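Student: Generate a structure from the sequence data that follows.
(2 chains)
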Amino acid sequence: MLLVVEQFLNGLQFGLLLFLLAAGLTLVFGIMDLVNLAHGSLYMMGAYFAATFVAWTGSFVLGGVLALGATLLLGIVLEFTALRHLYGRDHLDHVLATFGLILFFNEAVRLIWGPAGLALPLPSWLAFPVTILPGIQYPAYRLAIIVVALLVALLLYLGVMRTRIGMLIRAGASNREMIGALGINIKLLYTLVFGLGAALAGLAGLMQAPILTVQIGMGENILILAFVVIVIGGIGSIRGAFIAAIMIGLIDTMGRAFLPNLLRQVLNSASASTAAPALSSMLIYLLMAIVLVARPEGLFPANRR
Amino acid sequence: MKFSLNVSSLVAALVVAGLVLLPVYSNLSGNIFILTLFTRIVILALAAVSLNLLMGYGGMMSFGHAAYLGIGGYAVGILAQEGIGSGWAQFAVAIAVSALYALVIGALSLRTRGVYFIMITLAFAQMAYYVASGLARYGGDDGLTVYKRSDFGGLIYLGNRVQFYYLCLFCLLAVVALVWRIVNSRFGLVLQGLRSNEQRMQAIGFPSKRYKLACFAIAGMLCGLSGALLANNTDFVSPAVMYWTRSGDLMVMVILGGMGTLMGPVVGSVVFLVLEEVLSQLTEYWALIMGPLLLLIVLFGRGGIMGMLGRLNRG
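Tutor: Numbering: from 1, shown residues only, chains lettered A, B, ... in the order given. The predicted structure is shown next:
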């Protein structure tokens, strides 16, 4: 029971982080029709910025806010200098160009911060266990991640669904040419959306940083997961990204925790313990393949015409 | 009679001539390293050519092509470990399993299109990656050492650097010729028609999915061959061969050289891998130059190197 609750919360927390990444990715993808492989690099940069600024200022919150601002700025600069020129080009051009950006960012990080990873210590005021149910304790920091991510998700929902800019964003996701024809300043909207996405990725990176080591290439694995999320959810759909992210987070975490035991019931323990890690890593890709075979446009396609 | 010197054909011919004469240079200069480097380049060029058949002519953007490199490699490695050293058997299995895998995932993936196709092929390749990591008997994550290279009897000895290089080059040129034949056949014309306008081709009465699946399988088989050669080259195969960045590298080679041109992927592979090598000797931070270079090529060099050369010809 204890393990189930704990793993459930871990899965939820991971899913919410994935959502923060996927939300930016799906907006950029849905609105600018840009496949941005470098989104994971922004996540990495967020974590490196956080590790640096927290060490400088000595405060987790202040450092985090600075890191968030820095990632936002980086995203806007990136959009301005490079990605802006890729809109309307072939998806393959996006893949190639942003693949180049990944190389660049990884190498730049190696040059600036060195090849060894950094560690961002847990803020001391969150380094205690919380009793969530009688007899069940859970780290406060992870709970804080869940709360912050849920808050951001709510804000994002309200922002996209209830404000004028949100309305433009939604309109952009369903028909790009039309809002341009209606006289909306698309260039500004694009820069804004990209900056927002970058900041969300940075937020995910800086929150994840104390749990994992901050290292080169940390963005790549999670980028693929974020892509899986937006493809399952349907490109351009924030709601789809949210549901798919939680799903992926739970399935991945629970699979890793419980699949070995489940397999041991059927197989002998030696082959179970070798097969389980591979199988649990495969689960989400299996899920994605099944979803795409059944619904080739994802669960919640945004631009149904 | 109009005689025009076509710059891109000239470059392609020069590249082929260079590849053919490379062992002579290596022998004369005593530079063994360059032969090792180019063996790898030729093998990966073979994979890029097969991916180009898929992307450039079939219009199918597969982001999981490195899976076949792994399948081909593991076919060699596993059979070698189980005591079947015959190269004929190993290469036949490598190609057959690649074809089978391509048929299965192709049948599923071709239900989707556009970005969804890119992502589903990636998903299948990642699954293959994790299956390979789970093969505890064959090294799992650490990979599998191939202690004995494929044995082709007295015909050719793969342990000899020069013989192995020429085998790889022969395979590459044979595959380029095959792709040329395919592209200009009725089958290839249908494929290119599908790339331009699938709906119209369907309306004329071509079963589009069957054609695309056949193309998908052929490309997979050819890349499986490349994988079998690669395992022989490195004497080692590991899941890392199938990792998604490898698929990305292959795509970069194809696009860099010029997608949808016969020799483009070969030129692209040579340029990409030589550049990587040169830059990494120049500076430890070679990717700092390589990354923006790729970006610039995308922004200003549409159609890759072959496309730029083509414009040079016209302009």
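
Student: Against chain B, how distant is A:Glu177?
Tutor: 18 Å (CB to the nearest CB, to the nearest Å). All C-beta atoms are positioned from the backbone trio N, CA, C, and that covers glycine.

Student: can you list the weak-confidence ranges in chain A?
Tutor: A:302-305 (pLDDT under 70).

Student: For chain B, give me its nearest residue in it.
Tutor: A:Ala278 (2.5 Å; CB to the nearest CB).

Student: Near chain A, which residues of the stretch 151-300 of chain B? Just list them.
Tutor: Residues of the stretch 151-300 of chain B lying close to chain A by CB under 8 Å from any CB of the partner chain are B:244-245, B:248, B:251-252, B:255-256, B:259, B:285-288, B:290-295, B:297-299.

Student: need the contact list for the residue of chain A closest to chain B.
Tutor: Residues near A:Ala278 by CB atoms under 8 Å, 6 or more residues apart in numbering or on different chains: B:130-131, B:133-134.

Student: which residues touch the closest residue to chain A within the stretch 51-200 of chain B?
Tutor: Across the stretch 51-200 of chain B, no residue is closer to chain A than B:Gly134, which sits at 2.5 Å (CB to the nearest CB). By CB under 8 Å, 6+ apart, the contact list for B:Gly134 reads A:274-275, A:277-279, B:140.

Student: what's the closest non-adjacent residue to the residue of chain A closest to chain B?
Tutor: B:Gly134 (2.5 Å; CB to CB, 6 or more residues apart in numbering or on different chains).

Student: Need phi/psi at that neighbour.
Tutor: phi -90, psi 0 (degrees, to the nearest 10).

Student: chain center to the lengthiest helix in chain A, what's the gap?
Tutor: Among the segments of chain A that qualify as a helix by DSSP state H, the longest is helix A:2-32. Centre-to-centre, helix A:2-32 and its host chain are 6 Å apart (CA atoms, centre = their mean, to the nearest Å).

Student: What helices and strands are in contact with it?
Tutor: helix A:39-57, strand A:129-133, strand A:136-139, helix A:140-162, helix A:164-174, helix A:186-208, helix A:218-233, helix A:238-266 (3 or more CB pairs under 8 Å, 6 or more residues apart in numbering or on different chains; DSSP states H and E).

Student: Could you export these as a markdown table, including mean neighbour count and distance to chain B?
Tutor: Output for those, formatted as a markdown table (neighbours: other CB atoms under 10 Å in any protein chain shown; distance: least, CB to the nearest CB, whole Å):
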| stretch | mean neighbour count | distance to chain B |
| --- | --- | --- |
| helix A:39-57 | 25 | 10 |
| strand A:129-133 | 12 | 33 |
| strand A:136-139 | 16 | 29 |
| helix A:140-162 | 16 | 21 |
| helix A:164-174 | 17 | 14 |
| helix A:186-208 | 24 | 16 |
| helix A:218-233 | 25 | 4 |
| helix A:238-266 | 20 | 11 |
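
Student: From the contacts of B:Gly134, which land in helices?
Tutor: Filtering the contacts of B:Gly134 for helices - DSSP H - leaves A:274-275, A:277-279.

Student: quick one, phi psi at the residue of chain A positioned farthest from its centre?
Tutor: Going by CA atoms, centre = their mean, the residue of chain A most distant from its centre is A:Asn268, 37.1 Å out. Here the main-chain torsion angles of A:Asn268 (degrees, to the nearest 10) amount to phi -70, psi 160.

Student: How about A:Asn185?
Tutor: Torsion angles, degrees, to the nearest 10, at A:Asn185: phi -70, psi 90.

Student: Just give the number of residues close to it.
Tutor: A:Asn185 has 12 neighbouring residues, counting by other CB atoms under 10 Å in any protein chain shown.

Student: Who are the contact partners of A:Ile284?
Tutor: By CB under 8 Å, 6+ apart, the neighbours of A:Ile284 are A:225, A:228, A:248, A:251-252, A:255.

Student: The same query, at a cut-off of 6 Å, please.
Tutor: Going by CB atoms under 6 Å, 6 or more residues apart in numbering or on different chains, A:Ile284 touches A:228, A:248, A:251-252.

Student: B:Arg111 now?
Tutor: With CB under 6 Å, 6+ apart, B:Arg111 has these contacts: A:293, A:296.
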